[in-house]
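1. Predicted model follows, preceded by the sequence.
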Amino acid sequence: MSHVRPARCRIAAAVTVALAVTAGLAGPAGALTAAPSAPGSEAARQASTGSVVAFPVGHTIEGVTEAGYLTKKPSSLTRSWVRASDGAVTALPDGPSVSLTRSWVRASDGAVTALPDGPSVSSTGADDLLAMSAGSEAWLQDAPTGEQLFKVHLGPGGGTGAYAGAAGRVLFTTASRVEGGIDLRMHTEGDVTSTVIGFPRGVNGVAVSAGMPAHALLTY
């Protein structure tokens, strides 16, 4: 009688866990809530119809804040040749190149606030805050006003590692340890940094995103 021993396989999989964030995450999701109208009420139906706000054409929702939406809109790139001697412009044929324009759209009236080109952008689940990162910096920014709450410097030269995401009023980064493995760090206003959790060698792809009202989602 032969005995067959099944081969053992190690399967790498993404793991998502809830990470408590003591800095507080989300307030009420005002952009998504509305008072329900009474069934069969014509007055309520008319009031609801009259309060509908037109959404900007071509915009796709990527995230939600307390009073609006983070959106993206594809647009074609226009290229030209400019003669140095007199500045004359010669338009070049349009190609397949497409850029994404990101904006914040206010839910109450559909007003569009353009966001800077270049940085990666995500909603954090707190108020109307957006997390942005570009190059060696990451920061939290108020969508309607453009005000930056605080900024974290990344990479060498006094930096704090690699950007890992944001949730609430917190930015997260990862930093390599000398002995191996990486630490996940939490950054809050006032230049406060603390280590949340340490990972052993072999763990990578660590990312943090907004989750539940008092928790962030940690994926690795």
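-> All right, it came through fine.
2. okay, which residue is most central for the protein?
-> Ser122 (1.2 Å; CA atoms, centre = their mean).
3. could you list every residue that touches that one?
-> Ser122 sits next to 62-63, 70, 130-131, 165-166, 209-210 when contact means CB atoms under 8 Å, 6 or more residues apart in numbering. Any C-beta I mention is one placed from the backbone N, CA and C, and that applies to glycine too.
4. Which positions within the helix or strand harbouring it qualify as buried?
-> Taking DSSP states H and E as the criterion, the element that holds Ser122 is strand 120-123. Within strand 120-123, the residues that count as buried by 16 or more other CB atoms under 10 Å are 121-123.
5. Show me what secondary structure element comes after it.
-> For strand 120-123, the succeeding helix or strand toward the C-terminus, using DSSP H and E, is strand 129-134.
6. buried residues in that following strand?
-> Of the residues in strand 129-134, those scored as buried under the neighbour-count criterion (16+ other CB under 10 Å) are 129-133.
7. would JSON lines of the residues you listed with distance to Leu171 be doable?
-> Converted to JSON lines, the buried residues of strand 129-134 look like this (distance: CB to CB, whole Å):
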{"residue": "Leu129", "distance to Leu171": "11"}
{"residue": "Leu130", "distance to Leu171": "12"}
{"residue": "Ala131", "distance to Leu171": "7"}
{"residue": "Met132", "distance to Leu171": "10"}
{"residue": "Ser133", "distance to Leu171": "9"}
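8. just curious, which of those is nearest to Leu217?
-> Of all those, Ala131 has the smallest distance to Leu217: 13.5 Å, by CB to CB.
9. close enough to count as contact, that closest one and Ala138?
-> Yes. Under the criterion of CB atoms under 8 Å, Ala131 lies in contact with Ala138, with a separation of 7.0 Å.
10. Quick check: neighbours shared by the two?
-> Where contact means CB under 8 Å, 6+ apart, the residues bridging Ala131 and Ala138 through contact with each are 166, 171.
11. The chain: helices as residue ranges?
-> Using DSSP state H, the helices of the chain run over residues 42-50.
12. Find the residue ranges of it scoring beneath the pLDDT cut-off.
-> 1-51, 76-77, 94-98, 157-159, 213 (pLDDT under 70).
13. Out of the buried residues of strand 120-123, flag the one nearest to Gln148.
-> Among the buried residues of strand 120-123, and counting by CB to CB, the member closest to Gln148 is Val121, at 13.2 Å.
14. show me what contacts that closest one?
-> Contacts for Val121 (CB under 8 Å, 6+ apart) come out as 62, 70, 102, 115, 130-132.
15. Need those residues in CSV (columns: distance to Ala143).
-> CSV is the format used below for these (distance: CB to CB, whole Å):
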residue, distance to Ala143
Glu62, 12
Leu70, 7
Arg102, 11
Leu115, 8
Leu130, 5
Ala131, 11
Met132, 10
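16. Figure out the length between the terminal residues of stretch 179-190.
-> Between the opening and closing residues of stretch 179-190 lies a distance of 29 Å (CA to CA, to the nearest Å).
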